[in-house]
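Enquirer: Return a 3D structure for these sequence lines:
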Amino acid sequence: MTLFAAISLFLLLVAVSWLAGFPLRRWLTRAGVLDRPKAHSSHDRPVPRGGGLLVVVAFFGWFFLLSHDAMPGINWLAMGVAAVAFVSFLDDIRHRSRRLRFVVYTLAAAVFVGQLLLLDSVAAWGPTWLVAFVLWLWVAGYANAFNFIDGIDGLAATQAIVALGFGAIFCTLASFSAGDLVLLQLVLAAVMMGFLFHNLPRAQLFLGDVGSIATGFLLASIALIAGAELGWKTGLMIAALHLGPVLDTGITLTRRLWQRKVIYDRHREFFFHRAVRSGRSHLFVTAVEMGIQVASGFLLLTFGIFWRDSTVALVAMIGVISLAWLAFFFWCERQFRKAGEVTKEFIA
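Expert: Predicted structure coming up:
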């Protein structure tokens, strides 16, 4: 595929996704699939949820229409996406048992990871039991982490678009024969960009669990497929693009455990929530997080071009990216505490 054809296809998919969002919004509204404001919500009016169906349909369109026989574990990935998307959409329609969802997400991740472990390239990563646990935790955990960050307008969509865009570049740098994996990421990025027009600057459509869980599952799995097919460094570079949601989720849930709060209850204690609650707009917080992720992508791209053979350089860059996210979280926390102090003084 020529560069012109790739750009044309990308823009066409953006337009199709954007246009498809309008009838989808109407259908979800008529069906009553609405996210109604609650105590933990960041919106003040009912908004249709389930916009992530666009992403799920795009993935299966790519899966059934294009060749991808060489991609490791792709058939099991498709079954996993179907399972998590189905149970998540049922939850969007009417809240289902957390236990049921946990079982489905866990089994889907375990089956996919189990197939990857049969590959010699993945088996060489370390002891089988340890690799299996880490990879399973990555897929199942990140699917939930991505769901958690879908809490303010545009945040999850922009994080996905940037990660998929840079992921496509990293895969191309690793091997020009990775066209199937590159095309999958570009298709998902284009469809997510079309959805973004319905999600910013004031959301008219939410991803819903069907979108956030399935997209998180896909993003985590793409990193593993890239690692298996193109080498562990490429997979780790793609995974590093997701450090924001991973660190935000990890720190926030650890804090809730320390405070003896139920970690799976819905809340507004993530750092992006705290920034919004301190008075910053959804658009501002989303833009800042996207800026950090874009800067991270360029830093990793520098590694991929100049120091690809150096493990030390990769670890150092991941450390720098982690520090950047931690600095942002520290700022969010500080702004939140300042706003709380101002409120207390005003009430007094």
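
Enquirer: From now on I want contacts and neighbour counts done on CA atoms only, so please keep to that.
Expert: Fine.

Enquirer: Which secondary structure elements does the longest helix along the chain sit against?
Expert: If you go by DSSP state H, the chain has its longest helix at helix 311-347. Here helix 311-347 touches helix 243-258, helix 271-277, helix 282-306, going by 3 or more C-alpha pairs under 8 Å, 6 or more residues apart in numbering; DSSP states H and E.

Enquirer: again, 7 Å this time
Expert: helix 271-277, helix 282-306 (3 or more C-alpha pairs under 7 Å, 6 or more residues apart in numbering; DSSP states H and E).

Enquirer: Surely residue 72 touches residue 223?
Expert: No: using C-alpha atoms under 7 Å, residue 72 is not in contact with residue 223, being 11.8 Å away.

Enquirer: and those two? which has more neighbours close in?
Expert: residue 223 (26 against 19; other C-alpha atoms under 10 Å).

Enquirer: Buried residues, stretch 167-177. List them.
Expert: Buried residues in stretch 167-177, counted by 16 or more other C-alpha atoms under 10 Å: 167, 168, 169, 170, 171, 172, 173, 174.

Enquirer: Now the second one: which helix or strand?
Expert: Using DSSP states H and E, the element containing residue 168 is helix 155-174.

Enquirer: Specify the angle between that helix and helix 282-306 in degrees.
Expert: 10 degrees (axes from the mean of the first three to the mean of the last three C-alpha atoms, to 10 degrees).

Enquirer: and helix 155-174, C-alpha only, in PDB?
Expert: Provided in PDB are the C-alpha atoms of helix 155-174 (Å, rounded to 0.1, in the frame of the first residue of the first chain):
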ATOM      1  CA  LEU A 155      -9.200  11.200  27.600                       C
ATOM      2  CA  ALA A 156      -9.500   7.600  26.700                       C
ATOM      3  CA  ALA A 157      -9.900   8.300  23.000                       C
ATOM      4  CA  THR A 158      -6.900  10.500  22.700                       C
ATOM      5  CA  GLN A 159      -4.700   8.100  24.700                       C
ATOM      6  CA  ALA A 160      -5.700   5.300  22.300                       C
ATOM      7  CA  ILE A 161      -5.200   7.400  19.200                       C
ATOM      8  CA  VAL A 162      -1.700   8.500  20.200                       C
ATOM      9  CA  ALA A 163      -0.700   5.000  21.300                       C
ATOM     10  CA  LEU A 164      -1.900   3.400  18.100                       C
ATOM     11  CA  GLY A 165      -0.300   6.000  15.900                       C
ATOM     12  CA  PHE A 166       3.100   5.700  17.500                       C
ATOM     13  CA  GLY A 167       2.700   1.900  17.800                       C
ATOM     14  CA  ALA A 168       2.300   1.700  14.000                       C
ATOM     15  CA  ILE A 169       5.500   3.700  13.600                       C
ATOM     16  CA  PHE A 170       7.400   1.500  16.000                       C
ATOM     17  CA  CYS A 171       6.300  -1.700  14.200                       C
ATOM     18  CA  THR A 172       7.300  -0.200  10.800                       C
ATOM     19  CA  LEU A 173      10.700   0.700  12.200                       C
ATOM     20  CA  ALA A 174      11.100  -2.900  13.500                       C
END
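
Enquirer: Remind me what it packs against, helices and strands.
Expert: Against helix 155-174 (3+ C-alpha pairs under 7 Å, 6+ apart) you get helix 128-149, helix 179-196, helix 232-240, helix 282-306.

Enquirer: Show me the one of these that comes nearest residue 49.
Expert: Closest to residue 49 of the helices and strands packed on helix 155-174, according to C-alpha to C-alpha: helix 179-196, at 11.9 Å.

Enquirer: Let me see the backbone angles for residue 95.
Expert: phi -50, psi 130 (degrees, to the nearest 10).

Enquirer: I should have written residue 47 there, sorry.
Expert: Taking degrees, to the nearest 10 as the convention, residue 47 sits at phi -130, psi 130.

Enquirer: Same check on residue 35?
Expert: Torsion angles, degrees, to the nearest 10, at residue 35: phi -100, psi 100.

Enquirer: Please report the distance of it from residue 278.
Expert: 23 Å (C-alpha to C-alpha, to the nearest Å).

Enquirer: likewise residue 81?
Expert: Distance from residue 81 to residue 278, by C-alpha to C-alpha: 36 Å.

Enquirer: ditto for residue 211
Expert: Residue 211 sits 28 Å away from residue 278, going by C-alpha to C-alpha.

Enquirer: okay but residue 244 is in contact with residue 324, surely?
Expert: No: contact between residue 244 and residue 324 fails when scored by C-alpha under 7 Å: they sit 9.3 Å apart.

Enquirer: With neighbour numbers in mind, choose between these two.
Expert: residue 244 (25 against 17).

Enquirer: And that one, what's its pLDDT?
Expert: Here, the pLDDT recorded for residue 244 equals 96.

Enquirer: now it, nearest residue through space, not along the chain?
Expert: Using C-alpha to C-alpha, 6 or more residues apart in numbering and skipping residues adjacent in sequence, the residue nearest residue 244 is residue 325, 6.1 Å away.

Enquirer: Show me the shaky parts of this structure.
Expert: Along the chain, segments meeting pLDDT under 70 span 1-2, 38-44, 341-348.

Enquirer: No further questions, thank you.
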